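> My questions are about this predicted structure, shown below with the sequence.
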Amino acid sequence: MSDIIQQFREVPTTCISDAMQGLNNLDSCIKPLKDEYKIAGRALTVKMPIGDNLCVLKAIREARPGDILVIDAKGDTYRAIAGDFVVEMAQALGIQGIVVDGAIRDIMGIKNLNFPVFCKGTTVAASNKAGVGEINVPISCGGTSIHPNDLIVGDADGVVVIPQAVEQDILDKSVAKMESDQKRENNVLKDKERIIQYLDNMLQGR
């Protein structure tokens with residue numbers, strides 16, 4: 001894992017989102033199956049038609065260890081992009097996680113794998129394999145544009161995308177926001193008087 005990816009892994013998505021003015025967040029419906037999941041890595045993008053997941057298998061075959069599969073499934077929650085068998089193959093090949101604007105199935109099996117999946121929901125219906133779809137192309141996932149190798153960070157609050165061209169700048173701003181939040185918490189929450197003073201300042205626009 002590269003140094004910048006590891007550094008992003010230590011920053012909450014809320015701070016990263018603030019550093020980008022909230023413009024690169026995936027739809028808030030896309031959540032981790034377990035709150036403790038945390039991912040940070042490069043996007044391997046997948047553009048799939050509704051109900052045809054053969055390109056997901058192709059992406060798993062071509063992914064590098066540490067990649068995050070980011071799948072544009074058009075928001076469909078009727079047919080799953082994968083079940084526990086496919087997800088376990090991804091895990092075995094070193095893929096770090098899956099983010100999908102769509103649904104998965106075999107939820108208990110996937111949870112038992114302890115493999116990070118971020119999705120809109122679960123379903124019982126499988127996909128077909130007609131063979132349509134593309135990988136490593138620009139996509140829209142959760143209402144956000146994502147290019148191959150953009151940085152993806154996800155945690156219990158959701159998923160954010162950091163474009164490659166600005167990743168160092170966003171990292172610096174995110175870390176500064178995290179440190180500022182911690183300093184504010186340490187200063188304000190010491191006693192009731194400081195809390196009241198802080199609230200008064202906010203209400204008066206100071």
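Everything's here; your move. All figures in this text were calculated on a predicted structure; none of them were measured in a lab.
> Check the contact between residue 151 and residue 165; I expect there is one.
No - counting by CB atoms under 8 Å, residue 151 does not reach residue 165; the two are 10.9 Å apart. All C-beta spots, glycine's among them, are computed from the backbone N, C-alpha and C.
> tell me the mean pLDDT for stretch 180-190?
Regarding stretch 180-190, the rounded mean pLDDT is 86.
> Quick check: buried residues in it?
Within stretch 180-190, no residue is scored as buried using 16 or more other CB atoms under 10 Å.
> now do stretch 84-99
For stretch 84-99, by 16+ other CB under 10 Å, it's 84, 86-88, 90-91, 95-99.
> Stretch 47-61 too?
Quick answer for stretch 47-61 (16+ other CB under 10 Å): 47-49, 51-56, 58-60.
> now the residues you listed in TSV, with pLDDT and secondary structure?
Shown next, in TSV, are the buried residues of stretch 47-61 (pLDDT from 0 to 100; DSSP: H, G, I helix; E, B strand; the rest coil):
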residue	pLDDT	secondary structure
47	97	strand
48	95	coil
49	93	coil
51	90	coil
52	91	strand
53	93	coil
54	95	helix
55	96	helix
56	97	helix
58	96	helix
59	97	helix
60	97	helix
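> Using JSON lines, lay out the residues you listed together with distance to residue 171.
Formatted as JSON lines, the buried residues of stretch 47-61 follow (distance: CB to CB, whole Å):
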{"residue": "47", "distance to residue 171": "28"}
{"residue": "48", "distance to residue 171": "31"}
{"residue": "49", "distance to residue 171": "35"}
{"residue": "51", "distance to residue 171": "38"}
{"residue": "52", "distance to residue 171": "37"}
{"residue": "53", "distance to residue 171": "33"}
{"residue": "54", "distance to residue 171": "36"}
{"residue": "55", "distance to residue 171": "31"}
{"residue": "56", "distance to residue 171": "30"}
{"residue": "58", "distance to residue 171": "31"}
{"residue": "59", "distance to residue 171": "26"}
{"residue": "60", "distance to residue 171": "29"}
